[in-house]
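**Q** Got a sequence here, can you model it:
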Amino acid sequence: MAKLLGLIIGTVLLIICSHSLMPMMSQATIAQETANQLWLSHQKDSPIPSPLLAQNPTASVTEESVTYGSLNNKDLVGYLARPSENQESLPALIVIHEWWGLNDNIKAMTRQLAAEGYTALAVDLYRGQGAETPEKARELVTQASSTPKQLEDNLKAAYQYLQQEQKAPKIASIGWCFGGTWSLNTALLFPDQLDATVIYYGGGITTDPDQLKQLQMPILGIFGELDQNPPVETVKRFEQVLNSLNKSAEIYIYEKAEHAFANPSGTRYNAEAAKDAWTKTTAFLEKHLK
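**A** A predicted model of the protein is given here:
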């Protein structure tokens, strides 16, 4: 009887432990898959600063490193840019980096966005780390994706900083690649607070109507026809679901454009598509934030 009771208790404990580990294992699998998909898209790339992005912005901007919050007793340090001549409270952007991290290319893009009349905060989801090689980027994106709650808390801190410290009357998110995915995730974190979201070829975007129905802000999606992360079928499904939910969504799929086509430092840079996407982006932000 004692042996039988012990066997039953052991079996129950095994079941409980197995179920408690399932979410952890599932998240680890998701993180690895995310990293692998990005690896396939970027394995021949390097984050070399692009001369195109090094050009002066259309207006003078000020730039500085700022602490926009704390997480696990460590400061969250980002890169802030805003127009030099305008000291008023401006609409703001949460700028989310690619899988390389908060590097010079993202800082240059942040200055370009600030020159359009915004307070632009580039967050650092890698907490001070950055990648110079695809191998290191895969390592960092795996680590980050395995702890999505920390990424969410990071972005929540950025939103609160722009709202409370910068007194931004409106706030939007924008991101590319890994950052494009997290731009949509930011919208899902603030479904009725964020004023707009811009997604550049974010892999792993959800097409779940139950999730997307929460979104109350206008959505701009920029994607490439030849991209496999996300594949065009997923993008079309994403657009279809948004339209069926009567969401304000502009989804553009550029012919013959691949993943990261808007990054001048990448091997898949498509100048014509990138220029048109930038025009659409600035027009979208001006329409919904100003």
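
**Q** How far off centre is stretch 182-196?
**A** Between the centre of stretch 182-196 and the centre of its chain there are 11 Å (Cα atoms, centre = their mean, to the nearest Å).

**Q** next one: stretch 160-179
**A** Offset of stretch 160-179 from its chain centre (Cα atoms, centre = their mean): 12 Å.

**Q** Please apply the same query to stretch 214-221.
**A** 14 Å.

**Q** Doesn't Thr279 belong to a helix?
**A** Yes. Checked against DSSP: H, G, I helix; E, B strand; the rest coil, Thr279 lies within a helix.

**Q** Begin at 30 from now on, thanks
**A** All right, first residue 30 from here; so that's Thr308.

**Q** quick one: pLDDT of it?
**A** Predicted confidence (pLDDT) for Thr308: 97.

**Q** so the residue most central in space within the chain is in which element?
**A** In the chain, the C-alpha closest to the average C-alpha coordinate belongs to Gly208, at a distance of 2.3 Å (Cα atoms, centre = their mean). Using DSSP states H and E, Gly208 sits in helix 207-218.

**Q** Do a quick rundown of the strands in the chain.
**A** For the chain, the strands defined by DSSP state E cover 90-100, 103-112, 121-125, 148-151, 200-205, 225-229, 248-253, 278-283.

**Q** got JSON lines for the ones you listed, with mean pLDDT and mean neighbour count too?
**A** Every residue, glycine included, has its C-beta placed from N, CA and C. Below are these laid out as JSON lines (pLDDT from 0 to 100; neighbours: other Cβ atoms under 10 Å):
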{"stretch": "strand 90-100", "mean pLDDT": "98", "mean neighbour count": "15"}
{"stretch": "strand 103-112", "mean pLDDT": "98", "mean neighbour count": "20"}
{"stretch": "strand 121-125", "mean pLDDT": "99", "mean neighbour count": "30"}
{"stretch": "strand 148-151", "mean pLDDT": "99", "mean neighbour count": "27"}
{"stretch": "strand 200-205", "mean pLDDT": "98", "mean neighbour count": "28"}
{"stretch": "strand 225-229", "mean pLDDT": "99", "mean neighbour count": "27"}
{"stretch": "strand 248-253", "mean pLDDT": "98", "mean neighbour count": "26"}
{"stretch": "strand 278-283", "mean pLDDT": "99", "mean neighbour count": "18"}
